[in-house]
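A.B. asks: When you get a sec, could you give me coordinates for this:
(one chain, ligands or ions: 2)
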Amino acid sequence: MTTIAAASLVVCFLVALSQTASLEPPQQSPTWPPTFSVGFQEEQHVSVIPLSRNAGAWYYDFANRRARFDHSHGQYDSFCQRVGLSPKDKHGDCQLFFSSLGMHVHYPREQICCRACGAEEGCTVLMPTWLTGATYMGTETIGGLTCQGWVKPGAVATDRWYQTADGKPCQYWEKVTAFVPHVIHVITFNVSSYQLGPIPASVFDVPKYCNVTCPKPYHPPHGVQGSP
Ligand SMILES: *[C@@H]1O[C@H](CO)[C@@H](O)[C@H](O)[C@H]1NC(C)=O
Ligand SMILES: *[C@@H]1O[C@H](CO)[C@@H](O)[C@H](O)[C@H]1NC(C)=O
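C.D. replies: Ligands and ions are numbered 1, 2, ... in the order given. Modelled structure (predicted):
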């Protein structure tokens, strides 16, 4: 009995030691840089069943209150799919523009576009501080890199964000809990494509033919803010 107690004490001590050694929680949740761009691979799963896999890119320019999120061929992006546009290929290249005018959904190959929502619906550029209040989860190896993870539960989805110790994005992970079965959405960034600093303004030019309201404009669930 004494031996078991002593042994379990030793185990506890070792566990405590290893936790101290491996988890040095960063003092606070990360803040995104005001301007960056990065390429990625994106996947969605319903439970364990794969739904989609495609490439994409983010152009984030909070400094100028604008962003463009590209979801390439094969995408099942919910904004691209649900605003009522009727491209020949619903899963073709699709771009989301965020600006002071709201959010526009654009299929560049077919040159069709519409305005899905505005600031009233919360369709503004995501704040660099969106991870405020997130909980540190420790490190995980993603694409061969050691990445620090944070988790932030929300009303309709739980978000996870992983980045390297020097602030390069590794992965964005989202589990949409508003619907059953839950959809898991994973964006794994190509760290070697990550760039800080100015992005050409033309990247954010919304085409002239985006001057129409979407057939099915986006209405967020009450009190819910946008996410990537
Ligand atoms: C990652 O980005 C680099 C630099 O832009 C590019 O050369 C490479 O092809 C990309 N890798 C993948 C898998 O897309
Ligand atoms: C939208 O712009 C096009 C030109 O690109 C113009 O022909 C059309 O009348 C405009 N529609 C509206 C509703 O303003």
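
A.B. asks: residues from the protein in reach of ligand 1?
C.D. replies: Contact residues (Cβ under 6 Å from any ligand atom) of the chain with ligand 1: 39, 190, 192-193. All C-beta spots, glycine's among them, are computed from the backbone N, C-alpha and C.

A.B. asks: Next step: those residues restricted to strands.
C.D. replies: When the residues of the chain next to ligand 1 are checked against strands (DSSP state E), the matches are 39, 190, 192-193.

A.B. asks: okay, and the helix or strand of this protein with the least pLDDT?
C.D. replies: For the chain, using mean pLDDT, DSSP states H and E, the weakest element among its helices and strands is helix 2-22, scoring a mean of 39.

A.B. asks: Please, where are all the helices along the chain?
C.D. replies: Assigned by DSSP state H, the helices in the chain fall at 2-22, 78-82.

A.B. asks: Counting neighbours, what do you get for Tyr172?
C.D. replies: 20 (other Cβ atoms under 10 Å).

A.B. asks: Which residues belonging to stretch 189-204 are considered buried?
C.D. replies: Residues of stretch 189-204 classed as buried: 189, 191, 194, 199, 203-204 (neighbour count, 16 or more other Cβ atoms under 10 Å).

A.B. asks: how about the CA coordinates for it, as PDB?
C.D. replies: Output of stretch 189-204 as PDB, limited to C-alpha atoms (Å, rounded to 0.1, in the frame of the first residue of the first chain):
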ATOM      1  CA  PHE A 189      -1.800  27.100 -44.500                       C
ATOM      2  CA  ASN A 190       1.200  26.900 -46.700                       C
ATOM      3  CA  VAL A 191       3.600  28.700 -44.400                       C
ATOM      4  CA  SER A 192       6.100  29.300 -47.200                       C
ATOM      5  CA  SER A 193       3.500  31.400 -49.100                       C
ATOM      6  CA  TYR A 194       2.900  33.600 -46.000                       C
ATOM      7  CA  GLN A 195       3.700  37.200 -46.600                       C
ATOM      8  CA  LEU A 196       3.500  40.300 -44.400                       C
ATOM      9  CA  GLY A 197       3.200  43.800 -45.700                       C
ATOM     10  CA  PRO A 198       1.400  45.700 -48.500                       C
ATOM     11  CA  ILE A 199      -0.900  43.900 -50.900                       C
ATOM     12  CA  PRO A 200      -1.600  45.500 -54.300                       C
ATOM     13  CA  ALA A 201      -4.900  47.500 -54.100                       C
ATOM     14  CA  SER A 202      -6.200  45.800 -57.300                       C
ATOM     15  CA  VAL A 203      -6.500  42.500 -55.400                       C
ATOM     16  CA  PHE A 204      -9.400  44.100 -53.500                       C
END
